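Participant: the amino acid sequence is not available; the structure is as follows:
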Ligand SMILES: [Zn+2]
């Protein structure tokens, strides 16, 4: 279905009505311009000028800069080079004891602390938005969950150069 | 040689494949052509579709209609509510080589399992050794040869035209009981095949459209519920025969050559559709996630070999390639173990299939074409592909469901990158087997089985634009529903419900929360010799995460009450319990021996008159930072009993007065603002740079300072997979000889 900028803005803000979501956004075939529309909406929502290449989550983007491609937060913090595991450049809080877990859940409904299972909360070191939460056993490697192949996307699938190469 | 009957009624020894080929020759050709051309059967162009699209689409609609019709009609033959009410059955149509042309609705996880069973029969040369003839009936539930778990039973019927095998029909139902070591459909205490129950190994069970008497006797004597078994089998067989008639009619109308061409083009179109959809919806690159399955058997286990706490590792790395093809790699999965969660590769393929049809291919031609577009690695000798018939595969969903929670998150990262936020889904609550067992109903002195499938209404995960569906979702059968209480009580005579109610604080937190779960309380009434088991996962740990800053759903627990004062309460007209809405609520309205554990499971346990059993369904994982959840939504959550006021204050920073009687939440705006600011400040003061965490966690691993089940996991995986071991050691900068014992 065709969507317009206004609808995509609302979609991103979570303000699109169920009616519009159901009738215009969810059905197939999808809007072929969705990526570009989304990118334009996101670009106008941030206070910096580096071209957004791909959004990673609600607050992080891979952007083009004079120093190469970086992972940048909407608050302006630059975490690391694109391709690096950005979580290694955040601040992390670990909940492993029952009292720490029961702050979020209730008694009987969170892990048995004897199993040494962790919730790892990853925060932006600048604004403390929560960027990711891992639920993993102690000692588990911090995974880099998405490593986008940006040039393949633009050059092979969109038939154009990535915005930082144009 | 296979005997087929020619026009004169004489038996001939002709091969039954197309154009004088044997089935083995057809299968070999198919595999070679796929390898050479990357296209199904080397189909370069969809000629029929391109030249006569109307006829082509009409044929697909006819096949699909026949499958759905077979399912909707045949389920009325069954007496089991699992089949009749919840629809735990499906039918599939396959090519002679065993490739799925189209499935019905229902438990479509079986699209590829039937395929494997047919290929097994071809590879073992049933054509010449056992014979494949018009009117034959085959049965399989042997998991590694093509099944999801033992209690799913397939009936497979060949469809002939003029002495040629033109297709196969396959019907599958989920049995109420499969004759395993304990009462119930999924054995949770089973640790090896020898406790699993009845197996049919691609067995010929009838000819001339009639079931063999010895098969019927063997099967019905092997299960606890012969009447349900008999009617389920008739249901599968009648559905297959309906499907056969539909194919024969279609061939009469369009000719056999067109039917053959159609069946191959339909699969190639399915393959092309998946690749196109990948390019439209996902982003090229590498995606990684990991799930975990806690196996808390140290106290709960029965067999000495299984009495240990284990943690299965279920990592999923996916790659989206430039050509639109996909790979799913589970390198690093745990070894198989003395538990029922071992899963055959075919079951894992089925899980992939169920996932793709829900996440990526909601429409279009869904068939084995999508299987051919995905390159999978379920490592041989691991819990997701043991290659060992002696293992128990009874509850393979205990590996499938957590694994696909990781797959869904990987796909969702791709949807998000492309701007398709509405397609993001963070995962789901795993269904487990809430309650199973049986007993003797005193009034009729008959056995009643217990296996309520209202477990098919769990919480679904959030998307990136809205909350997850509350208590209305099962990963393995997206059309499942809860079923009325009365529907279960019709069968489970001795175990009426005292209540069903929402279960607050189950939904995973986030900017968009996961769907919520619910719970039920039941009582043993007018029954004796009752044993029940409960199996809700995960209990002692999480099995999956949330997405983009959202949290996983709450974990599960168990509670039951024995030697209760329920009848005294009835006599005295006192309050009796209707659930355990908040943990320990139950205890307020009952006296007795209350057994509560953090484990979501217990193996079969004796229950007496007036004993209570509680089970509950989980919520779905959340999406995004909970501090970004709109305050209005949080207020509604409290008023609708999704979360309790204390929890929303701690997690969302939303403060106010809740009036229980009117169910209204009076928001304290100033307090909320302050509380949110405090939560954010605490993030700063209570966190440390990830690099510092890395240092301390590394020391901890070197000291082996993790729990026994976590050690069990690392030790097993480091033994099992050099590749994963190398990644693990590299991440923590550990020497090549580092090991965990
Ligand atoms: Zn920030």
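Facilitator: Nice, thanks for sending it over. The model shown is predicted, which means the values in this text are computed figures rather than measured ones.
Participant: the strands in chain A, which residues?
Facilitator: Using DSSP state E, the strands of chain A run over A:52-55, A:60-65, A:68-73, A:78-81, A:91-95, A:117-123, A:130-137, A:146-148.
Participant: who touches the fifth one?
Facilitator: The one in question is strand A:91-95. A:101, A:103-104, A:118-125, A:128, B:683-684, B:686-690, B:693 (Cβ atoms under 8 Å, 6 or more residues apart in numbering or on different chains). The way it works is simple: take the backbone N, C-alpha and C, and place the C-beta from them, glycine included.
Participant: which residues touch the closest residue to residue B:731 other than its chain neighbours?
Facilitator: Residue nearest to residue B:731 in three dimensions, not counting chain neighbours: residue A:141, with 3.9 Å by Cβ to Cβ, 6 or more residues apart in numbering or on different chains. Contact analysis of residue A:141 by Cβ under 8 Å, 6+ apart lists B:727, B:728, B:731, B:732.
Participant: re earlier: same list (the strands of chain A) but as CSV, adding mean neighbour count and distance to residue B:486.
Facilitator: Listed next are the strands of chain A as CSV, based on neighbours: other Cβ atoms under 10 Å in any protein chain shown; distance: least, Cβ to Cβ, whole Å:
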stretch, mean neighbour count, distance to residue B:486
strand A:52-55, 23, 49
strand A:60-65, 21, 51
strand A:68-73, 20, 54
strand A:78-81, 17, 56
strand A:91-95, 21, 43
strand A:117-123, 24, 40
strand A:130-137, 25, 38
strand A:146-148, 20, 47
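Participant: export those to JSON lines and tack on distance to residue B:13 and mean pLDDT?
Facilitator: Converted to JSON lines, the strands of chain A look like this (distance: least, Cβ to Cβ, whole Å; pLDDT from 0 to 100):
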{"stretch": "strand A:52-55", "distance to residue B:13": "62", "mean pLDDT": "98"}
{"stretch": "strand A:60-65", "distance to residue B:13": "65", "mean pLDDT": "98"}
{"stretch": "strand A:68-73", "distance to residue B:13": "67", "mean pLDDT": "98"}
{"stretch": "strand A:78-81", "distance to residue B:13": "69", "mean pLDDT": "98"}
{"stretch": "strand A:91-95", "distance to residue B:13": "71", "mean pLDDT": "98"}
{"stretch": "strand A:117-123", "distance to residue B:13": "63", "mean pLDDT": "98"}
{"stretch": "strand A:130-137", "distance to residue B:13": "60", "mean pLDDT": "98"}
{"stretch": "strand A:146-148", "distance to residue B:13": "58", "mean pLDDT": "98"}
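Participant: for chain A, see how far away the residue minimising distance to the centre of chain B is.
Facilitator: Chain B has residue B:476 as the residue nearest its centroid, 4.1 Å off, counting by Cα atoms, centre = their mean. Separation of residue B:476 from chain A (Cβ to the nearest Cβ, to the nearest Å): 22 Å.
Participant: go ahead and confirm that residue touches residue B:109.
Facilitator: Yes. Between residue B:476 and residue B:109 there is a contact under Cβ atoms under 8 Å: 5.4 Å.
Participant: which neighbours do these two share?
Facilitator: Here residue B:476 and residue B:109 have residue B:354 as joint contacts, going by Cβ under 8 Å, 6+ apart.
Participant: nearest residue to the residue of chain A most remote from its centre in space, please, no chain neighbours.
Facilitator: For chain A, the residue at maximal distance from the C-alpha centroid (Cα atoms, centre = their mean) is residue A:114, at 32.3 Å. Leaving out its chain neighbours, the residue that sits closest to residue A:114 by Cβ to Cβ, 6+ apart is residue B:707, at 6.1 Å.
Participant: who's in contact with that neighbour?
Facilitator: Neighbour list for residue B:707: A:114, A:115, A:116, A:137, A:138, B:309 [criterion: Cβ under 8 Å, 6+ apart].
Participant: hmm, 10 Å instead?
Facilitator: Counting by Cβ atoms under 10 Å, 6 or more residues apart in numbering or on different chains, residue B:707 touches A:112-117, A:137-139, B:309, B:311, B:540-541, B:713.
Participant: who in chain B is up against the ion?
Facilitator: By Cβ under 5 Å from the ion, no part of chain B sits against the ion.
Participant: next SSE downstream of the longest helix belonging to chain B?
Facilitator: Secondary structure of chain B read by DSSP state H shows that its longest helix is helix B:226-254. On the C-terminal side of helix B:226-254, the closest following helix or strand by DSSP states H and E is helix B:256-281.
Participant: quick one, that following helix and helix B:226-254 angle?
Facilitator: Angle of helix B:256-281 versus helix B:226-254, following axes from the mean of the first three to the mean of the last three Cα atoms, to 10 degrees, is 110 degrees.
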